[in-house]
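1. Make a model of this:
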Amino acid sequence: MRYLLPSLLLVALLAMLMLRGYVHSEILADHRVRPPAPTDHVPRKILEGGPVIDTRNGRETTLSVPDHRLVLTFDDGPDPEWTPKVLDVLKEHDAHGVFFVTGTMASRHPGLVRRMVDEGHEVGLHTFNHPDLSYQSMSRIDRELSQNQLALAGAAGIRTSLFRPPYSSFADAMDDKSYPVTKAIGSRGYLTVVNNTDSEDWKRPGVDEIIRRATPQGGEGAIVLMHDSGGDRSQTVAALDRFLPELQKQGYEFGNLTEALGAPSAHTRVTGAELWKGRAWVFLVGASEHITDGLVVALAVIGVLVFTRFGLMLLLSAVHARKVRRRDFRWGSPITEPVSVLVPAYNEAKCIEATVRSLMASDHPIEVVVVDDGSSDGTARIVEGLRLPNVRVVRQQNAGKPAALNRGIANARHDIIVMMDGDTVFEASTVRELVQPFGDPRVGAVAGNAKVGNRDSLIGAWQHIEYVMGFNLDRRMYDMLRCMPTIPGAVGAFRRSALERVGGMSDDTLAEDTDITMALHRDGWRVVYAENARAWTEAPESVQQLWSQRYRWSYGTMQAIWKHRRAVVESGPSGRFGRVGLPLVSLFMVLAPLLAPLIDVFLLYGLVFGPTQKTVVAWLGVLAVQAVCAAYAFRLDRERMSHLISLPLQQILYRQLMYVVLLQSWITALTGGRLRWQKLRRTGVLEAPGAIPRQRTGSHDRSPVA
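-> Next comes the predicted model:
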């Protein structure tokens, strides 16, 4: 289900976008218009005949409307704004007309087609996408007609025998390019209807001029061309409201074409499979419209979220940096007493020596407690074999990281407890910088500055950008808002009394670091960020490992949000976190990443089908904002800007991977699935500056990254 549902969702989304583009003439549309051609091969009786051309069954004849009969025809609709107004005027004056509808508009507004038929008007075909048929192949022409009929069947349960070519005018405008198309369409059973009185309302010449041009001379009958779509038709509606009563007083009748010609109705009822195919088509078009509208709303939401987050990060990070970098800034009395450093370890044989040796270089007094959580690779023996001072090993059967941390807390001797991962190395000053905020008695926990050590690969560089920009810049923002959601497992410190008050580390979720941080907020403790407490962690080096890690993080974060949901309705510190912290975490860490790929979906759609230039400019604008934030984050962390070269590629590829991971987390949560811890494969390439060097064996070790 976790793989099938995202795949089906992606296919359905692409299909809906393609369908929407098709019915909006953004896909497979042809807007070419052929200039006039010679008329050598058009029969004279056609050129000099009436506006109804009958080429059915090999005939080549024309028909005209009798005197004092006017057939009002309206092209290019139905339009949701103007067609109802035209229908209202016709109904008010007891008049009928013929609406030559396009398949695109009929598919999108089926209710208006039903109203036309229900109120006694005739409907004709005007092709599906409104191309100049003289440019098209016969297969394309047949498709234009059949899809137009499909839309009519789905909208009103009918098919029609009336057809008007796009860009047509009078019969004498038939030429050697358009007449063969007319003959071919006649062979399919259609009457081709042009006009002999053009109101030219599309030019918006004014109500009086429209009436003058639509009025025939000397009581002659006529087929009058008007439009109910394609732009502002207010003049057309106003002209109809005067035109109809004036000519009715002159003895004119306004009826359907077949009534004027004394012919059977152009409509035939559709039943059976053809009817259901039409209804299915109209339903899918409606669904694509609603889905696309929803995507546009979602795109607006993600735009607001992205720019709000970026704005808050830039503003509050600057305030945070200015605050903690003042020369007179102090958390309180300096913390000089020893602290306990807990290292939970499960099969960390490749990394544990570097981790412990980095701690031995610390310029703050510490004890190190390595909790071996049932390792099978000799992790505990490696640590014991180092025989380093103030380093103890506590062994337990495999019970998970929260249990290992609780075991370490129980064995720790000091009141301030630092926690780190077994694949992480500290700088000499990390512990000292990490514990100084505890000089403020209100501080219950401190988040350090986790950095990617193995950034020499492309996937490592992408994670490096994410850590500096997405994690550490975020932590500055959340620190100022007093709702930091996560103390990173790689580098964090806790006051023992704070841990005891909230019951220690919990295994209720897969994100025990997020869970404990939220619990501390609810208990009234401050959680702050120490920018100079740097830790170097080994990030996943393959897509599969990255997938596993982020899948657990995403799912664990959702679990933690759900676990602490009652904070929203509580009072005191818990209520403040619930009404400020939880919404921000939900919006910025769950909803925004889930919707972010819409930016790329619309980029791709715009490049292929839409306004390419505007689409590229908009996407580059979003990328520029991200680049500004990333550059500022790198400047705050004193990182080299050269790593930002891969930022555009990260936004295209890496974000899609994170999207699928988050989507799978949602599916796991909604389907009641249970995710378990997955051990990542480590290479043990990291060492911290100033760490006690370890003995290397073999010739295949990669060079350490500091």
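2. Check which helix or strand residue 343 maps to.
-> For residue 343, the host element (DSSP states H and E) is strand 339-345.
3. Quick check: can you name the pairing partners of that strand and their directions?
-> Paired neighbours of strand 339-345 in the sheet (DSSP bridges): strand 366-373 (parallel), strand 416-419 (parallel).
4. Residue 82 is nearest to which of those?
-> Across the strands paired with strand 339-345, the minimum distance to residue 82, taken as Cβ to Cβ, is reached by strand 416-419, at 67.7 Å. Glycine gets a C-beta too; all of them are placed from N, C-alpha and C.
5. Following the chain onward from the closest one, which element is next?
-> Going down the chain from strand 416-419, the next helix or strand is strand 424-426, by DSSP H and E.
6. Please work out the average pLDDT along the next helix or strand after that next one.
-> Following strand 424-426 in sequence order, the next helix or strand is helix 430-435 (DSSP H and E). Helix 430-435 carries an average pLDDT of 97.
7. Check stretch 512-532 too.
-> 95.
8. Could you check how far the nearest residue to residue 112 once chain neighbours are set aside is from residue 171?
-> Spatial nearest neighbour of residue 112, excluding adjacent residues (Cβ to Cβ, 6 or more residues apart in numbering): residue 78 at 3.7 Å. Distance, residue 78 to residue 171, using Cβ to Cβ, to the nearest Å: 26 Å.
9. higher neighbour count, the two?
-> Using other Cβ atoms under 10 Å as the criterion, residue 78 and residue 171 rank with residue 78 on top: 28 against 23.
10. Find the centremost residue of this protein, please.
-> residue 598 (2.0 Å; Cα atoms, centre = their mean).
11. Is that residue located within a helix, as I assumed?
-> Yes. Assessed by DSSP: H, G, I helix; E, B strand; the rest coil, residue 598 belongs to a helix.
12. so what's it scoring on pLDDT?
-> For residue 598, the predicted pLDDT is 74.
13. How about residue 262?
-> Note on residue 262: pLDDT of 93.
14. Likewise for residue 291?
-> Per-residue pLDDT puts residue 291 at 87.
15. ditto for residue 415
-> 96.
16. Can you identify each of the strands in the stretch 401-550 of the chain by residue range?
-> For the stretch 401-550 of the chain, the strands defined by DSSP state E, counting those that start in this stretch cover 416-419, 424-426, 443-452, 492-495, 526-537.
17. Of these, which is nearest residue 463?
-> With Cβ to Cβ, the closest approach to residue 463 among the strands of the stretch 401-550 of the chain belongs to strand 443-452: 5.0 Å.
18. Who are the packing partners of the closest one?
-> Contacts defined by 3 or more Cβ pairs under 8 Å, 6 or more residues apart in numbering; DSSP states H and E place strand 443-452 against helix 430-435, helix 458-465, strand 492-495, helix 512-522, strand 526-537.
19. thinking again about what came up before, backbone phi and psi for the residue nearest to residue 112, please?
-> Dihedral pair for residue 78: phi -80, psi 140, per degrees, to the nearest 10.
20. show me the contacts for it.
-> By Cβ atoms under 8 Å, 6 or more residues apart in numbering, residue 78 lies in contact with 99, 101, 105-106, 109, 112-113, 116, 228-229.
21. Over to residue 643?
-> Applying Cβ under 8 Å, 6+ apart to residue 643 gives the contacts 455, 461, 464-465, 634.
22. for those residues, which one is nearest residue 319?
-> When these are compared for distance to residue 319 (Cβ to Cβ), residue 634 wins out at 18.4 Å.
23. For residue 269, give its distance to residue 522.
-> In this view, residue 269 and residue 522 are 67 Å apart by Cβ to Cβ.
24. Likewise for residue 658?
-> The span separating residue 658 from residue 522 equals 28 Å under the rule Cβ to Cβ.
25. angle of the longest helix along the chain against strand 526-537?
-> Longest helix in the chain by number of residues (criterion: DSSP state H): helix 272-324. With axes from the mean of the first three to the mean of the last three Cα atoms, to 10 degrees as the basis, helix 272-324 and strand 526-537 are set at 100 degrees to each other.
26. packing partners for helix 272-324?
-> helix 4-23, helix 103-108, helix 138-156, helix 473-481, strand 526-537, helix 592-595, helix 597-608, helix 612-636.
27. still on that earlier bit, between residue 269 and residue 522, which is the more surrounded one?
-> Taking neighbours as other Cβ under 10 Å, residue 269 and residue 522 compare with residue 522 leading, 21 against 10.
28. Return the residues in contact with the more buried one.
-> The neighbours of residue 522, taking Cβ under 8 Å, 6+ apart as the test, are 502, 564, 567, 570, 573-574, 577-578.
29. switch to 6 Å and redo it
-> Residues counted as contacts of residue 522 (Cβ atoms under 6 Å, 6 or more residues apart in numbering) are 567, 574, 577.
30. Check residue 331 too.
-> Taking Cβ under 6 Å, 6+ apart as the contact definition, residue 331 lies against 436-437, 439-440.
31. which among those gets closest to residue 37?
-> Using Cβ to Cβ, residue 437 comes nearest to residue 37 of those, at 83.5 Å.
32. residues contacting that closest one?
-> Residues counted as contacts of residue 437 (Cβ under 6 Å, 6+ apart) are 331, 443, 446, 528.
33. and with 8 Å instead?
-> 331, 443, 446, 528, 530 are the contacts of residue 437 under Cβ under 8 Å, 6+ apart.
34. Tell me the confidence at the closest residue to the first one other than its chain neighbours?
-> What sits nearest to residue 331 in space, not counting adjacent residues and going by Cβ to Cβ, 6+ apart, is residue 439, at 4.0 Å. Among the per-residue scores, residue 439 holds a pLDDT of 95.
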